[in-house]
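Novice: This is a predicted model, with the sequence first.
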2 protein chains.
Amino acid sequence: MSSGSYVEEDFERDTRYINTRITADGTPDGYAVEPGRYRLVVARACPWAHRTTIVRRLLGLEDAISMGICGPVHDADSWTFDLDPGEVDPVLGVPRLKDAYEARPDGYRPGVTVPAVVEIATGQVVTNDFRQITVDFSTQWTAHHRDGAPDLYPEHLRAEIEEVAQLVYEDVNNGVYRCGFAGKQASYERAYHQLFARLDWLSERLATRRYLVGDHITEADIRLFTTLVRFDAVYHGHFKCNRSTLSEMPVLWAYARDLFQTPGFGDTCDFDQIKAHYYATHLDINPTGVVPAGPELAPWLSPHGREGLGGSPFGDGTAPGPVSEAERVTGANPLLNR
Amino acid sequence: MSSGSYVEEDFERDTRYINTRITADGTPDGYAVEPGRYRLVVARACPWAHRTTIVRRLLGLEDAISMGICGPVHDADSWTFDLDPGEVDPVLGVPRLKDAYEARPDGYRPGVTVPAVVEIATGQVVTNDFRQITVDFSTQWTAHHRDGAPDLYPEHLRAEIEEVAQLVYEDVNNGVYRCGFAGKQASYERAYHQLFARLDWLSERLATRRYLVGDHITEADIRLFTTLVRFDAVYHGHFKCNRSTLSEMPVLWAYARDLFQTPGFGDTCDFDQIKAHYYATHLDINPTGVVPAGPELAPWLSPHGREGLGGSPFGDGTAPGPVSEAERVTGANPLLNR
């Protein structure tokens, strides 16, 4: 995600997303599931986009939906394809994600955010509604899931997943931003207390169960993971979420390590891009643009001991295979140094 | 300390201090030890001034040398007595510490820093050389030490104290500032690696001995303590010293807690003023001026288990008594909430 200004008295996320859906039968918006028709555009840095890279990989949608990757540092104008040869996305043929937003006939203007799904033929963004994209990957693209793909959004658990995810969104996923972009002490402190109260609540919930909802990994875990994995590297210092580090919250830290060590999670993390994005883009809260060298990443691989809580990562499904050469992360990641 | 600009490509501390000395016999500068003649001016926030408040208290010099306390947030111009009634120091009768610098006939201009020792009759700063002030408290003011005052600068250990303290100064005390005020990535990274290499060296040294030099608390411990006590509250996030928190370095964390729990150390700490100073004064690295609410302070009181390493805090001396009512810290401090 990310666009526009950051620090405000009370940070309010602009949630006017393009809510066009890509569905199995193309209703109601005329965009049907079709391998090769769409390109997912992400940035490794962005926690909202990170959800889509995990889900796409767990479900094995890599061949059905290609992926373009923006660099970590964008200007006020747009995320850009500066990591690609010639700084142009090789499939969309454009240098800026903004070009795919401007290609839309409706003049959508709230901001240039990732994740975005672009229709390759028209070069137009179809949707940037991060809440819907992963759910549709799970529920609409089933014909193209890999063998052994897990059910990340099981019908009988959807209400509970959404209930938990909504609390996590308000207080944690978006809560860290409300801490970091608060322009006033009182706004910051409200967000801080809400964040840590929710993390305490999550610690309690996860003390006796391996995953957030049900006995296997679901959409709810993915949504929480992408914030937790950034916590000590970015949110603790840069966003002043400093009651304690993640590594000082034993239950959440073990939970996060468990997921990190599960194929599809840790192997989609690029800590260099994550840190570069926040520290070099938000110059209104880090004017020097200097990127912290810490924290150490090796502890992400330490044993988590959560197998004893029961459940299993993928239920009747299986873990995804290795990441394809082309999509392997290139920045700091303790899995790469083993 | 603190004055002038902060962020530079490579942060260089201005070390042109006024090195006039106050000595037992008044040589060579004409300033003799004399109870009631001088006023020590500090800020609770400042680690360099903090050294003097600890030493003064351990030696029982409170009645011989009175103390003025500047507020935590100063402007580009001066530390100020904004905590006092009428925002004027009740003894010196001035609102700004700068007034006592300007009262000097030599037009000293490098900056308005704490700690400063002011001659009350003339209203002039006699010295702001923080490296000398505490040593002279120990060695020149002996006639006015309390009964049971420890020897913080024993003659046979001075060479070793200075050797260790110099390494600690370069890499740790000043090293955290070189991390935080680095304007360039490379300068920051140099300082960061130097800092943590030294902290590792200190961890190793302190794994088998309770104090840095000899078997009792010395000047060397005091100099290290004032940086460690600020580490998680300020330097980890604000100055990007984030390889790990102090609380994640077990030896140093136990060592720091041991000192914190020793009379004269923890009871001179004001975490509110410490945090307010750094986060609200350095707007060039924290433009919003928002002050983090964390970290939690209660862990400072947890058992440290270092008694088994031998040695004793005060050797043949004794611990100081309780802080006088007038000098009790008013801000956040876990000792006050017990």
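Specialist: Happy to help now that I have it. Model, not experiment: these values are computed from the prediction.
Novice: Quick check: residues of the stretch 1-150 of chain A near chain B?
Specialist: residue A:7 (CB under 8 Å from any CB of the partner chain). C-beta here means a position set from N, CA and C on the backbone, and glycine is covered the same way.
Novice: in the stretch 1-150 of chain A, what residue is nearest chain B?
Specialist: residue A:7 (5.8 Å; CB to the nearest CB).
Novice: Report the contact partners of that residue.
Specialist: Shown in contact with residue A:7 (CB atoms under 8 Å, 6 or more residues apart in numbering or on different chains): A:181-183, A:284-285, B:287-288.
Novice: If you go by neighbour count, which of those residues are buried?
Specialist: Among those, those classed as buried by neighbour count (16 or more other CB atoms under 10 Å in any protein chain shown) are A:181-183, A:285, B:288.
Novice: Any regions of chain A where pLDDT drops low?
Specialist: A:1-5, A:337-338 (pLDDT under 70).
Novice: try 90
Specialist: Scanning chain A for pLDDT under 90 picks out A:1-16, A:19, A:74-78, A:106-111, A:283, A:336-338.
Novice: Could you pull out the helices in it for me?
Specialist: A:47-59, A:97-102, A:130-139, A:158-168, A:175-180, A:185-207, A:219-230, A:236-238, A:250-260, A:271-281 (DSSP state H).
Novice: wait, what's in contact with the residue nearest to residue A:176 when sequence neighbours are not counted?
Specialist: Spatial nearest neighbour of residue A:176, excluding adjacent residues (CB to CB, 6 or more residues apart in numbering or on different chains): residue A:235 at 4.3 Å. Taking CB under 8 Å, 6+ apart, we find residue A:235 in contact with A:176, A:179-180, A:227, A:241.
Novice: could the buried ones among the contacts of residue A:7 go into TSV alongside distance to residue B:170?
Specialist: Putting the buried ones among the contacts of residue A:7 into TSV (distance: CB to CB, whole Å) gives the following:
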residue	distance to residue B:170
A:181	36
A:182	36
A:183	37
A:285	30
B:288	32
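Novice: Would you mark the buried spots in stretch A:155-163?
Specialist: If you call a residue buried by 16+ other CB under 10 Å, then stretch A:155-163 has these buried ones: A:157, A:161-162.
Novice: Near chain B, which residues of the stretch 151-300 of chain A? Just list them.
Specialist: Counting by CB under 8 Å from any CB, the stretch 151-300 of chain A sits next to chain B at A:182-185, A:188-189, A:192-193, A:232, A:236-238, A:240-245, A:247-248, A:284-296.
Novice: Buried only: go through these for me.
Specialist: In these, the ones that pass as buried (16+ other CB under 10 Å) are A:182-183, A:188-189, A:192, A:232, A:236-238, A:240-245, A:247-248, A:285-286, A:288, A:290-295.
Novice: Go through the contacts of residue A:235 and name the one nearest residue A:148.
Specialist: residue A:227 (27.4 Å; CB to CB).
Novice: Next, the contact list for that closest one, please.
Specialist: A:47, A:168, A:172-173, A:176, A:235.
Novice: Same question for residue A:207.
Specialist: By CB under 8 Å, 6+ apart, the neighbours of residue A:207 are residue A:251.
Novice: Can you tell me how far it is from residue B:306?
Specialist: Going from residue A:207 to residue B:306 by CB to CB, to the nearest Å gives 31 Å.
Novice: Then residue A:43?
Specialist: 47 Å.
Novice: Which one's more surrounded, the two?
Specialist: Ranked by neighbour count (other CB atoms under 10 Å in any protein chain shown), residue A:43 and residue B:306 place residue A:43 first, with 30 against 19.
Novice: Contacts only, for the nearest residue to the more buried one once chain neighbours are set aside.
Specialist: Nearest non-adjacent residue to residue A:43, counting by CB to CB, 6+ apart: residue A:70, 4.3 Å away. Residues near residue A:70 by CB under 8 Å, 6+ apart: A:41-43, A:79-83, A:97, A:114.
Novice: Inside strands: which ones of those residues?
Specialist: A:41-43 (DSSP state E).
Novice: just checking, residue A:40 touches residue A:62?
Specialist: No - in this structure, residue A:40 is not within contact of residue A:62 by CB atoms under 8 Å, at 9.8 Å.
Novice: more crowded one of these two?
Specialist: Using other CB under 10 Å as the criterion, residue A:40 and residue A:62 rank with residue A:40 on top: 22 against 18.
Novice: Specify the beta-bridge partners of the more buried one.
Specialist: residue A:67, residue A:117 (DSSP bridges).
Novice: quick one: it from residue A:103, how far?
Specialist: 16 Å.
Novice: Same question for residue A:6.
Specialist: For residue A:6, the distance to residue A:103 equals 27 Å [CB to CB].
Novice: Could you do residue A:199 as well?
Specialist: 41 Å.
Novice: So between the two, which is more surrounded?
Specialist: residue A:199 (25 against 15).
Novice: which ones are touching the more buried one?
Specialist: By CB under 8 Å, 6+ apart, the neighbours of residue A:199 are A:172, A:249, A:252.
Novice: In contact with the first one, which residues are there?
Specialist: Taking CB under 8 Å, 6+ apart as the contact definition, residue A:172 lies against A:195, A:198-199, A:202, A:224, A:227.
Novice: Reformat those residues as CSV; add distance to residue A:314.
Specialist: CSV is the format used below for those (distance: CB to CB, whole Å):
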residue, distance to residue A:314
A:195, 30
A:198, 27
A:199, 26
A:202, 22
A:224, 17
A:227, 22
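Novice: And those, which two are furthest apart?
Specialist: A:195 and A:224 (12.6 Å).
Novice: domains of chain A?
Specialist: A:4-144, A:155-337 (automatic domain parsing).
Novice: ok, for residue A:249, nearest residue in space, not its chain neighbours?
Specialist: residue A:203 (5.9 Å).
Novice: Could you report the neighbour count for that neighbour?
Specialist: Quick note: residue A:203 (other CB under 10 Å) scores 16 neighbours.
Novice: OK, contacts around it?
Specialist: Counting by CB under 8 Å, 6+ apart, residue A:203 has contacts A:249-252.
Novice: Let's see that with 7 Å instead.
Specialist: If you count contacts by CB atoms under 7 Å, 6 or more residues apart in numbering or on different chains, residue A:203 has them with A:249, A:251-252.
Novice: next one: residue A:88
Specialist: Contact analysis of residue A:88 by CB under 7 Å, 6+ apart lists A:81, A:94-95.
Novice: Between the residues you listed, which sits nearest residue A:126?
Specialist: residue A:94 (15.3 Å).
Novice: Got the phi and psi for the closest one?
Specialist: Dihedral pair for residue A:94: phi -120, psi 150, per degrees, to the nearest 10.
Novice: and it, how many residues sit next to it?
Specialist: Neighbourhood size, residue A:94 [other CB under 10 Å]: 19.
Novice: Same question for residue A:90.
Specialist: The number of residues near residue A:90, taken as other CB under 10 Å, comes to 11.
Novice: ditto for residue A:154
Specialist: Per other CB under 10 Å, the neighbour tally for residue A:154 reads 17.
Novice: I'd like to know how far it sits from chain B.
Specialist: To chain B, residue A:154 is 37 Å away according to CB to the nearest CB, to the nearest Å.
Novice: Tell me who's in contact with that residue.
Specialist: Residue A:154 neighbours (CB under 7 Å, 6+ apart): residue A:214.
Novice: thinking again about what came up before, which residues are common contacts for residue A:40 and residue A:62?
Specialist: With CB under 7 Å, 6+ apart as the test, residue A:40 and residue A:62 both reach residue A:56.
Novice: Return the member of the contacts of residue A:7 nearest to residue A:315.
Specialist: residue A:181 (38.0 Å).
Novice: Could you find the closest non-adjacent residue to that closest one?
Specialist: residue A:11 (3.7 Å).
Novice: residues near the closest residue to residue A:208 other than its chain neighbours, how many?
Specialist: Nearest residue to residue A:208 in three dimensions, chain neighbours excluded: residue A:309, at 6.9 Å (CB to CB, 6+ apart). For residue A:309, the count of nearby residues is 16 (other CB under 10 Å).
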